[in-house]
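> Sequence and predicted model, in that order:
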Amino acid sequence: MQSIKPRFLVITGIVTTFILVLLLINVLSSTAYGAPLRGKLSGDDATNFRVLSLSKDGTANVADVSDAGRFKVNVRSGATLQLLRTNGTYFGPVVFPGKSLAKPQLSGKRGNVGSISLQTGFASVLKSKRRSLLQERLFKSSRIPFSSSGGTLGSGKLGLVDRTTTSGTSSSILATGDSRPGIDADRDGLPNAFDVDDDGDLSLDGVDTNTFSFNDLSPDVFSDLSVELYETLNLNAGGVSDSDIDSLIQSRLSLVFLVVPNTVPVSAVDLDCSNLPYCNTATGSAVINGPEQGSGVPFGSLLKDFDNNGDGFPDLVPVTNPSRFEIGIFPRVTTSDIASGDTYIFRVTTDTGLRQIPIALPYYFVTTVALQSYDSGSGSQTITYPSTNGDPGTPNAPIMLTTTSPTLTFWRPQRPAIPGAEQGSYIDMGGLQYGMYLAVDTDVYRCAPADFSNVSSELAFRTSSEDTDTRDAIFRDTAPDRTPNSANTLSFTVNLASCLARNGVSAGGKTIILDILANDQDQNNTFQHIHFTLPS
């Protein structure tokens, strides 16, 4: 018996250890991936969706929908169900409905939520008479405003809704300190990752001074629209058609996708665009145009074919100094194929596994900042649009200045209106930052606030007007978004000689390219290039 006892203990220990390992694996699996949740989308187009379980940190589990409308997705406590159309556009949240309030957050329990009814910009669980209590236990007790006809307050509006009168001021929302991408900070039904106005103050996040932090990988997408004067379109200049805008967007708009690992070791990042026309993996039209710092970047090649790791999704390029993963593209589509709410899922390979992080395109510029007139000391001279390369201010015909301190008057750029939230087709964009670049020969220089004077009342210096440090953005526009109106201009006088001298360059007789820059805090940019010759 004594000889058997140690063996028995060893076997018992092995079995016990095995059981503990299984339990640990189960706990870790539940912690990392969540519990399985089943459901069924009802309706003829139910198969045209993808289901996302979005956790508070912005990480998502993604599930396709079967031909019968069924799905299975792993969920965590506090996560929400979000629907994407298979074409890549954001649809809206799934909630457990009540009369005037709804439950959006999941309890994290496994189960079957049952049938889900697709509405306009949201979806709601169809309560079963026999199983309603079981269905409800799959959701947490927290509630948000809701109506059966309109859904949550942000439904169908991409979250651009005034919440300051019903949920407190935007500052009080920020004071909660929980601004993670999976959180619905203003309780309008849309998590911050998809909400274009996280704090419900009717100011798009990109121009809102109340900024939110993002997660530990800082995922981002931003746009650029840079043009010569002869390529310029601006609705306030008149004579601009939708087809003109389509031609400009198809030829000049670019997007940049970015992931910046802050504290998480990352070995690869790929881009899942669902079936967005420009970046899907089958027929996507997007052409690679960056980053310039990366190695092995196939400039001019189709994004859909750039898959070095062979996982079926286009790659982001690893770049150092600073460390990041990035890819730049020309979508090469018209406005009918790119819109606010287009959703991209970053597939981030970390040392602990794959993380899927969705992010939505908030907006993009459809026209550019545009010089309306200039005054170099002999009276205001108006710029005529449309122009050709040979008109004043273009590469073939630089404007001859009689002073090095011209006054420039210009129009704001426009963006598409947010469907369901704004009237009309286009919006004069307020709240942007403005600045200037000067290109001389092959070098580019920035100016300082001290180089500017006679600033229009709606432009506020971002630092002191006597600041002598050169900066990208000098001013912030204090005007709100408005309907386009040619009377709404901005202006300033800039001392070009002072700006160039600050950079060690003499102004005498130089031909320069002056870039008027408009951008937001999320790096969405638009430039207009204007050619000047300075007096000797």
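Looks like it came in fine. If you're wondering where the values come from, they're calculated on a predicted model, not measured in any experiment. Residues are numbered from 1 along each chain as shown.

> Over to S498: give its phi and psi.
Backbone dihedrals for S498, given as degrees, to the nearest 10, come out at phi -60, psi -40.

> number of nearby residues for it?
For S498, the tally of surrounding residues (other CB atoms under 10 Å) stands at 17. From N, CA and C alone the C-beta is placed, and that goes for glycine too.

> can you check D305 too?
D305 has 11 nearby residues by other CB under 10 Å.

> likewise the one 3 residues further on?
If you count neighbours by other CB under 10 Å, N308 ends up with 12.

> For it, which non-adjacent residue is closest in space?
Closest residue in space to N308, ignoring its immediate chain neighbours: D315 at 5.5 Å, by CB to CB, 6 or more residues apart in numbering.

> ok, the one you found to L302 distance?
D315 is 13 Å from L302, where distance means CB to CB, to the nearest Å.

> again with G508
47 Å.

> in the stretch 251-400 of the chain, which spans are strands?
254-259, 266-272, 287-290, 317-319, 324-330, 343-350, 353-360, 370-375, 380-382, 399-400 (DSSP state E, counting those that start in this stretch).

> returning to that earlier point: G508 and L302: which has the busier surroundings?
Remark: of G508 and L302, L302 carries more neighbours, 17 against 11, as counted by other CB under 10 Å.

> Contact partners for that one?
284-288 (CB atoms under 8 Å, 6 or more residues apart in numbering).

> Of those residues - the most surrounded one?
A286 (27 neighbours).

> any idea how far T47 lies from N61?
19 Å.

> Looking at these two, which is more packed in?
More crowded of T47 and N61, by other CB under 10 Å: N61, with 20 against 15.

> Name whatever forms a beta bridge with the more buried one.
S53 (DSSP bridges).

> Can you report how many residues lie near the spatially closest residue to Q105 that is not a sequence neighbour?
Nearest residue to Q105, sequence neighbours excluded (CB to CB, 6+ apart): K140, at 4.2 Å. By the measure other CB under 10 Å, the count of residues near K140 is 18.

> mind listing what K140 touches?
77-78, 103, 105-107.

> now, the most widely separated pair of the residues you listed?
Across the contacts of K140, no pair lies farther apart than S77 and K103, at 13.1 Å, counting by CB to CB.

> Could you check how far the spatially closest residue to P386 that is not a sequence neighbour is from T367?
Sequence neighbours aside, G239 is the residue nearest to P386 in space, at 6.3 Å (criterion: CB to CB, 6+ apart). Distance from G239 to T367, counting by CB to CB: 12 Å.

> the helices in the chain, which residues?
Along the chain, counting by DSSP state H, helices occupy 4-33, 132-136, 170-174, 242-252, 496-502.

> Spit out the contact partners of the residue nearest to the spatial centre of the chain.
The C-alpha lying nearest the average C-alpha coordinate of the chain belongs to L361 (CA atoms, centre = their mean; 4.0 Å). Residues in contact with L361 (CB under 8 Å, 6+ apart) are 221, 223, 255, 338-344.

> quick one: it from G206, how far?
To G206, L361 is 11 Å away according to CB to CB.

> What of L118?
30 Å.

> before we move on, what about Q356?
Q356 sits 24 Å away from G206, going by CB to CB.

> Who has more neighbours out of the two?
Taking neighbours as other CB under 10 Å, Q356 and G206 compare with G206 leading, 21 against 17.

> Tell me where the stretch 1-150 of the chain has strands.
35-42, 49-54, 60-64, 70-75, 80-85, 90-97, 101-103, 111-118, 123-125, 144-147.

> With distance to A421 and mean pLDDT as new columns, can these be given to me in JSON lines?
Shown next, in JSON lines, are those (distance: least, CB to CB, whole Å; pLDDT from 0 to 100):
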{"stretch": "strand 35-42", "distance to A421": "25", "mean pLDDT": "98"}
{"stretch": "strand 49-54", "distance to A421": "21", "mean pLDDT": "98"}
{"stretch": "strand 60-64", "distance to A421": "24", "mean pLDDT": "98"}
{"stretch": "strand 70-75", "distance to A421": "29", "mean pLDDT": "98"}
{"stretch": "strand 80-85", "distance to A421": "18", "mean pLDDT": "99"}
{"stretch": "strand 90-97", "distance to A421": "13", "mean pLDDT": "98"}
{"stretch": "strand 101-103", "distance to A421": "20", "mean pLDDT": "98"}
{"stretch": "strand 111-118", "distance to A421": "20", "mean pLDDT": "98"}
{"stretch": "strand 123-125", "distance to A421": "19", "mean pLDDT": "98"}
{"stretch": "strand 144-147", "distance to A421": "16", "mean pLDDT": "97"}
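
> Adding distance to S380, write those strands out as TSV.
Output for those, formatted as TSV (distance: least, CB to CB, whole Å):
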stretch	distance to S380
strand 35-42	60
strand 49-54	53
strand 60-64	54
strand 70-75	61
strand 80-85	49
strand 90-97	45
strand 101-103	56
strand 111-118	56
strand 123-125	56
strand 144-147	51
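
> among these, which is nearest L496?
Closest among these, using CB to CB: strand 90-97, at 44.7 Å.

> what helices or strands is that closest one leaning on?
For strand 90-97, the elements it packs on are strand 80-85, strand 101-103, strand 123-125, strand 144-147, strand 151-152, judged by 3 or more CB pairs under 8 Å, 6 or more residues apart in numbering; DSSP states H and E.

> Determine how far that strand lies from the middle of the whole chain.
20 Å (CA atoms, centre = their mean, to the nearest Å).

> Report the angle between that strand and strand 343-350.
90 degrees (axes from the mean of the first three to the mean of the last three CA atoms, to 10 degrees).

> what about dumping the CA coordinates of strand 90-97 to CSV?
Extracted in CSV, the C-alpha atoms of strand 90-97 (Å, rounded to 0.1, in the frame of the first residue of the first chain):
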residue,chain,number,x,y,z
TYR,A,90,-22.4,51.5,-40.6
PHE,A,91,-26.1,50.7,-40.0
GLY,A,92,-26.7,51.2,-36.3
PRO,A,93,-27.1,49.6,-32.8
VAL,A,94,-29.1,46.6,-31.6
VAL,A,95,-31.1,47.3,-28.4
PHE,A,96,-33.6,45.6,-26.1
PRO,A,97,-36.6,48.0,-26.4
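
> List the strands paired with it, with their directions.
Going by DSSP bridges, the partners of strand 90-97 are strand 80-85 (antiparallel), strand 101-103 (antiparallel), strand 123-125 (parallel).

> So which of those strands is nearest L233?
strand 80-85 (29.5 Å).

> Which residues does that closest one contact?
By CB under 8 Å, 6+ apart, the residues outside strand 80-85 that reach it are 37, 41, 48-54, 60, 73, 75, 90-94, 104-106, 118, 123, 182, 184, 191, 194, 274, 343, 358.

> do the same with stretch 284-295
Residues from elsewhere that reach stretch 284-295, judged by CB under 8 Å, 6+ apart: 254-256, 273, 276-279, 297-304, 306, 317-321, 326-333.

> Distance check, the nearest residue to G151 once chain neighbours are set aside against A501.
Leaving aside its sequence neighbours, G151 sits nearest to F122 (CB to CB, 6+ apart; 3.5 Å). With distances taken as CB to CB, F122 is found 58 Å from A501.

> And the two? Which one has more around it.
Comparing F122 with A501 by other CB under 10 Å, the one with more neighbours is F122, at 25 against 14.

> Bridged to the residue nearest to L202 when sequence neighbours are not counted, which residues?
Nearest in space to L202, with sequence neighbours left out and distances taken as CB to CB, 6+ apart, is D162 at 5.2 Å. Counting by DSSP bridges, D162 forms beta bridges with D201.
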